[in-house]
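Undergrad: Have a look; sequence and predicted model below, questions after that.
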Amino acid sequence: MKKHIFLWQIFQFVFVSIFGIVLHFLYDWTESGFIAMFSAVNESTWEHMKLIFFPMLLFAWIQKRFIGDKYTHFWCLKLRSMLVGLMMIPILFYTLRGIFGNTPDWINIAVFFVAVSVAIGYETKQFLNPGTSYRNNKLCIFMLCLIAICFAVFTFAPPKIPLFQDPMSRTFGI
């Protein structure tokens, strides 16, 4: 079972990484309002958090069909791992920015891959620990939907705080 989970998690890392990169550019390629809800529309930290959330959510739907029934806490586990990834992006970005000032693009790109790695590493540990006590999958699915709605709404009507501000253009949202 361990080997099976590790293979799934490696596949997830590749999937989330590639899909996240595509989502970084997809809005610029399409300029579609629908696509904007799922992809980065500017260089703000908030928009970059979409790049980890939506690929992990899509992968969860795929993974659920194959192994989800083996884990009664599947959606709770997925929610927690996505929250870890979502938290890692601003924590790493603002910490590095606080230490070094403006960071080069390669460091910002590395932040994404580190956040994906930490989230999937956390998730792997949770898959291998069947003693997890959170088992309210309906509540966790509701929370995932709520996060997705927040990403969509804040794309078009973001709060005027630094998390949502594009550091290059100083604009918010689309």
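TA: That came in fine, so what should we check first? Numbers count the residues shown, from 1 in each chain.

Undergrad: what residue ranges in the chain are flagged as low confidence?
TA: 1, 130-134 (pLDDT under 70).

Undergrad: centre of the chain versus stretch 54-69, how much separation?
TA: 14 Å (Cα atoms, centre = their mean, to the nearest Å).

Undergrad: er, stretch 76-94 I mean
TA: How far stretch 76-94 lies from its chain's middle: 7 Å, per Cα atoms, centre = their mean.

Undergrad: so who does R65 touch?
TA: Residues near R65 by Cβ atoms under 8 Å, 6 or more residues apart in numbering: none. (Glycine included, C-beta is placed from N, CA and C.)

Undergrad: tell me which element it falls in.
TA: R65 belongs to helix 45-67 when assigned by DSSP states H and E.

Undergrad: Give the next helix or strand downstream of that helix.
TA: By DSSP H and E, the next helix or strand past helix 45-67 is helix 74-100.

Undergrad: What is that following helix packed up against?
TA: Counting contacts by 3 or more Cβ pairs under 8 Å, 6 or more residues apart in numbering; DSSP states H and E, helix 74-100 is packed against helix 45-67, helix 105-127, helix 137-156.

Undergrad: Report the buried residues of it.
TA: Going by neighbour count (16 or more other Cβ atoms under 10 Å), the buried part of helix 74-100 is 74-86, 88-90, 92-93, 96-97.

Undergrad: Also stretch 29-46?
TA: Along stretch 29-46, these residues count as buried under the neighbour rule (16+ other Cβ under 10 Å): A36, M37, F38, S39, A40, V41, N42, E43, S44, T45, W46.

Undergrad: of those, closest to I174?
TA: The shortest approach to I174 among the buried residues of stretch 29-46 belongs to V41, at 5.1 Å (Cβ to Cβ).

Undergrad: Once you drop chain neighbours, what's closest to N137?
TA: W75 (4.2 Å; Cβ to Cβ, 6 or more residues apart in numbering).

Undergrad: hmm, I was thinking of E47
TA: A40 (4.1 Å).

Undergrad: likewise E123?
TA: With Cβ to Cβ, 6+ apart as the criterion, E123 has its nearest non-adjacent residue at 3.5 Å, and that residue is S81.
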